[in-house]
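Trainee: what's the 3D shape of this:
(one chain, ligands or ions: 1)
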Amino acid sequence: MNRQNEREEMVKTQLIRRGISDENVLNAFRKVPRHMFLSPGQASDAYGDFPLPIGSGQTISQPYIVALMTELARIKPGDRVLEIGTGCAYQSAIIHAMGAKVYSVERKKELAEKAGELLKKMQINDIRILVGDGTLGWPENAPYDSIVVTAAAPEAPPSLFEQMEEGGRLVIPTGGRLFQELMVFVKTSSGIESESHGGCRFVPLIGKYGWKN
Ligand code: SAH
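Mentor: Residues are numbered from 1 along each chain as shown. Prediction:
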C-alpha cells in the first residue's frame, strides 16, 4: 500500500469510525506525511493505531488521540494556536495544515532543533518553535484562539488561561503522573468552563506549573 492509501485507511478506520467528523481535521490527516516525522526504521509502523517513541524518552500519540485533541480545539483557518510539547512536530504540522498559525513550545532543545530542521526540509516555514517551559505559555504572541498541550499536567497551568482569547479553548490531559483525563477548558465571559473527554495516558509536562523533574 502506498503512503497516501495508508493515510486514507488510517482516516477511515481509526478516525471516522471512532467519531472524528471535522472535515478540516480529516483532510489534514490525509495530507500530512506522518512517516516523515518518525525515524526511517519506524516507517512501516507510522500509520498504525498506536503511539510511537520519538527519542529523548518521549512519544507521539496514536493518530486518533492527535485527531481528537485537534477536533476538541475547534481550530478554524486563520486561528492562532499555541501548542505545548512540540516533540517531532507532527501535531504542529496537522494544525498548520488546517490553516492556523502555529506557535509551539518544547522544553527539550534536541527535539526542538530536530523538529525545526524537518519542517524546513518540508518547506513549512511558518510554524514558530520556542525552546522553553511551556507551562508558562508564550506570552509574547498571546492571545491565542486555542491551546493544545500534548503532555500531562497535574492541573491546567494558570498562565495558559491568561493567554487565551475569550471563547478560547484549552485542550490538556490532567490528573496523575501515569493516567489522566483529557480535559477541555473554555474561557467564557463569566469564567472557565470544563468538560472531560475520557481517560488517556501522556508523558509528563515538566515545568513550573507541571511536574517537577
Ligand atoms: N505533540 C508531539 C508529541 C509530544 S510528546 C508530537 O506531535 O510529536 C510531549 C512533549 O512535551 C515532549 O517532547 C516533551 O519534551 C515536551 N514537554 C514536556 N514538558 C514540557 C514543557 N514544560 N514545555 C514544553 N514542552 C514540554
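
Trainee: longest helix in this structure, by residue count?
Mentor: helix 109-121 (DSSP state H).

Trainee: contacts for it, please.
Mentor: By C-beta atoms under 8 Å, 6 or more residues apart in numbering, the residues outside helix 109-121 that reach it are 36-37, 54-56, 58, 86-89, 92-93, 104, 106, 125, 127, 129-131. C-betas here are computed from N, CA, C, even on glycine.

Trainee: how about the nearest residue to residue 22 once chain neighbours are set aside, what does it touch?
Mentor: Spatial nearest neighbour of residue 22, excluding adjacent residues (C-beta to C-beta, 6 or more residues apart in numbering): residue 71 at 4.9 Å. Residue 71 makes contacts with 20, 21, 22, 25, as judged by C-beta under 8 Å, 6+ apart.

Trainee: again with residue 57
Mentor: Per C-beta under 8 Å, 6+ apart, neighbours of residue 57: residue 203.

Trainee: distance of it relative to the ligand?
Mentor: Computed as C-beta to the nearest ligand atom, to the nearest Å, the residue 57 to the ligand distance reads 8 Å.

Trainee: near the ligand at all, the longest strand that the chain contains?
Mentor: Secondary structure of the chain per DSSP state E: the longest strand is strand 164-175. No - Strand 164-175 does not reach the ligand (C-beta under 6 Å from any ligand atom); its nearest approach is 10.2 Å.

Trainee: pLDDT at the residue at minimal distance from the centre of the chain, what is it?
Mentor: The residue lying closest to the centre of the chain (C-alpha atoms, centre = their mean) is residue 91, at 4.4 Å. Note on residue 91: pLDDT of 98.

Trainee: equivalent analysis for residue 119, please.
Mentor: So, for residue 119, pLDDT stands at 98.

Trainee: thank you, goodbye.
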